[in-house]
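In: My questions are about this predicted structure, shown below with the sequence.
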Amino acid sequence: MTTTTDQTGSESAPGARHVFALAWPMTLKAIFLHGTVVIDGFLLSSLGESALAAMGLAAALGGIVLGVIFAFSHAMQIRTAQAYGSGDQLFLKSVLASGLTVSLSIGILGVGLIFTFGGILIASLAPTAEVAEQAQLYLSIFSIVILGEAIGQCIASFFNGCSRTKLPLYGYLLSVPINVGSSIVLIHGLFGMPALGVAGAALGSAIAITVQTTFWTVLLLRSSGHLRRVAGWHNTRFAPTIKRHIRFSLPIAATFVSATLATHVCSLIYANMSLNGFAAMTLIAPWNLLAGQVAMQWTQATGILVAQLLGKRTPEAVLDRFLSRAWMGAFIAAGVVSMIFLAMCLSLDWIYPNLEPETRAILFGFLPILLIIQFPRATNAICGNTLRAAGDTIYVMHIFIWAQWAFRVPATALFVLYLDLSPFWILSLFLWEEILKFPAFHRRLWRGDWKRSDVAA
């Protein structure tokens, strides 16, 4: 990303097209990432409930480690953008080396814990010995995926922070077909290969991630291999450099891990709802995840550009102009997501023809919330990503954690377990959470301290 100078000689701000150029590859990548789990489940569904249960159990344990890796990779993305914007090659090299060290350490530690305690956990959670055996085999092979993602997601975040968001997308365009094709062959034993069942799905994912990570590594060496020849470290020595990286990353990672845990806790509480209400809450979750990527990736792209602008010490007036344009784009993206949900709710009879009428009625009743929530969610996300880009990570972490654990989780328990309210009011807690975060985010952003942050410190 570069800024230009207008005819008056003042520096002009990047516009919405710069955000869009970063956001659309990130959006497609996120959809591929979340859609892969759905594909694996579909491919194994023909083997019966035991196979699905084994995959679900193993993926849940492996997903904990992957969740932490993804959380730190988001912090890596912002820190890279700060370094890239500064133009300091030593800073950029230090961020890349620190991020890879932290991410790979998490992957190795996670795999070590899985091999040490995974068998015990699976044996205690699995409904049958057959499911436990299949889940343990799946998880053993899935460890390759964890190590591959530890490297790959860090490299992908580095590319995103350097405004090369198409490169991670190319990796998914390569790996997803490999994952699907190899999984089908290995699950069912086609073309003379052994029929491995559940283990085949894990092996297909491992092959795809290995190819993807190798592809990204080659791209990294070609585009940024010169960083190996840069002498020294940003904070004099490597130990304080990586310590600074961890100090920046921890609040961001904690925010994402907290959100994941809060979602799982609420999902367990939803199990106490009526069958139709629980089914409706379960069905709306993947829609929220996938459709919401349109607005969320726009706001993340905004955060990347803000970090780059702060890294190059851009004047405050330019920052204000850029953010106002990005904000307008975020409202448009929120409107697009609202229209997706409108289309979904108007097509329920076609999308879910086998659902009971009561469940479809509950889903349609969610429409007012789904239309409204996109706008406060988008503007809060703009604030959060801007403040993170400026290094105000602890404040953002507090807003999210307090809103989740002091409001949404206990309110969900109250509404479901004691008041027995309808699914509409339970889903509305997500809207009230955004309203609760709104003043805390906007007051901090409008104060303007973020514009004077020394992100290279």
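Out: Looks like it came in fine.

In: Make sure I have this right: H234 is in a strand.
Out: No. Counting by DSSP: H, G, I helix; E, B strand; the rest coil, H234 is not part of a strand but coil.

In: That one - how many residues pack around it?
Out: Neighbours of H234 under the rule other CB atoms under 10 Å: 23. C-beta: built from backbone N, CA, C; applies to glycine.

In: Once you drop chain neighbours, what's closest to it?
Out: Setting aside the residues directly before and after it, H234 is nearest to S94 in space (CB to CB, 6 or more residues apart in numbering), at 3.7 Å.

In: How many residues are close by that neighbour?
Out: Look at S94: counted by other CB under 10 Å, it has 24 neighbours.

In: Please name the nearest non-neighbouring residue to H245.
Out: Of all residues not flanking H245 in the chain, S98 sits nearest, at 3.6 Å (CB to CB, 6+ apart).

In: Equivalent analysis for A330, please.
Out: Closest residue to A330 apart from its sequence neighbours, by CB to CB, 6+ apart: A378 at 4.4 Å.

In: mind checking which helix or strand that neighbour is in?
Out: Taking DSSP states H and E as the definition, A378 sits inside helix 367-389.

In: so how far is that helix from its chain's centroid?
Out: Put simply, helix 367-389 sits 15 Å off its chain's centre (CA atoms, centre = their mean, to the nearest Å).

In: buried set for that helix?
Out: Buried residues in helix 367-389, counted by 16 or more other CB atoms under 10 Å: 367, 369-389.

In: could you give the mean pLDDT of it?
Out: The average pLDDT within helix 367-389 is 94.

In: Number the residues from 56 up from this point.
Out: Sure thing, new numbering starts at 56, so read that last one as helix 422-444.

In: Which other helices and strands does it contact?
Out: If you count contacts as 3 or more CB pairs under 8 Å, 6 or more residues apart in numbering; DSSP states H and E, helix 422-444 packs onto helix 104-141, helix 348-366, helix 371-401, helix 448-458, helix 478-502.

In: tell me the contacts of C209?
Out: C209 is in contact with 127-128, 131, 154-155, 158-159, counting by CB atoms under 8 Å, 6 or more residues apart in numbering.

In: Surely the residue nearest to A385 and T357 touch.
Out: No. Counting by CB atoms under 8 Å, A433 stays clear of T357, with 10.1 Å between them.

In: re earlier: winner for burial among the helices and strands packed on helix 422-444?
Out: Sort those by mean neighbour count, taking mean count of other CB atoms under 10 Å, and helix 348-366 sits at the top with a mean of 27.

In: circling back: the helix holding A433 to helix 371-401, inter-axis angle?
Out: Angle of helix 422-444 versus helix 371-401, following axes from the mean of the first three to the mean of the last three CA atoms, to 10 degrees, is 150 degrees.

In: For C321, grab the count of nearby residues.
Out: Residues near C321, counting by other CB under 10 Å: 21.

In: before we move on, what about the one 4 residues further on?
Out: Counted with other CB under 10 Å, the burial measure for Y325 works out to 19 neighbours.

In: Just want to check the distance between A385 and T434.
Out: Between A385 and T434 the computed distance is 7 Å (CB to CB, to the nearest Å).

In: just A335 next, same as before
Out: A335 is 27 Å from T434, where distance means CB to CB.

In: can you check I428 too?
Out: Counting by CB to CB - I428 and T434 are separated by 11 Å.

In: Now the common contact residues for A433 and T357.
Out: Common neighbours of A433 and T357, using CB under 8 Å, 6+ apart, are A385.

In: circling back to that earlier point, return the residues in contact with the residue nearest to A385.
Out: 350, 353-354, 385-386, 388-389.

In: and of the residues you listed, the nearest to S230?
Out: Ranked by distance to S230 (CB to CB), the contacts of A433 are led by W353 at 24.4 Å.

In: quick one on the thing from earlier: what would the contacts of C209 look like in a markdown table with pLDDT and distance to Q189?
Out: Formatted as a markdown table, those follow (pLDDT from 0 to 100; distance: CB to CB, whole Å):
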| residue | pLDDT | distance to Q189 |
| --- | --- | --- |
| F127 | 93 | 30 |
| S128 | 92 | 30 |
| M131 | 94 | 34 |
| G154 | 95 | 35 |
| L155 | 96 | 33 |
| S158 | 95 | 29 |
| L159 | 95 | 29 |
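
In: For these, give me JSON lines that also has distance to R415.
Out: Listed next are the contacts of C209 as JSON lines, based on distance: CB to CB, whole Å:
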{"residue": "F127", "distance to R415": "40"}
{"residue": "S128", "distance to R415": "38"}
{"residue": "M131", "distance to R415": "42"}
{"residue": "G154", "distance to R415": "46"}
{"residue": "L155", "distance to R415": "48"}
{"residue": "S158", "distance to R415": "43"}
{"residue": "L159", "distance to R415": "47"}
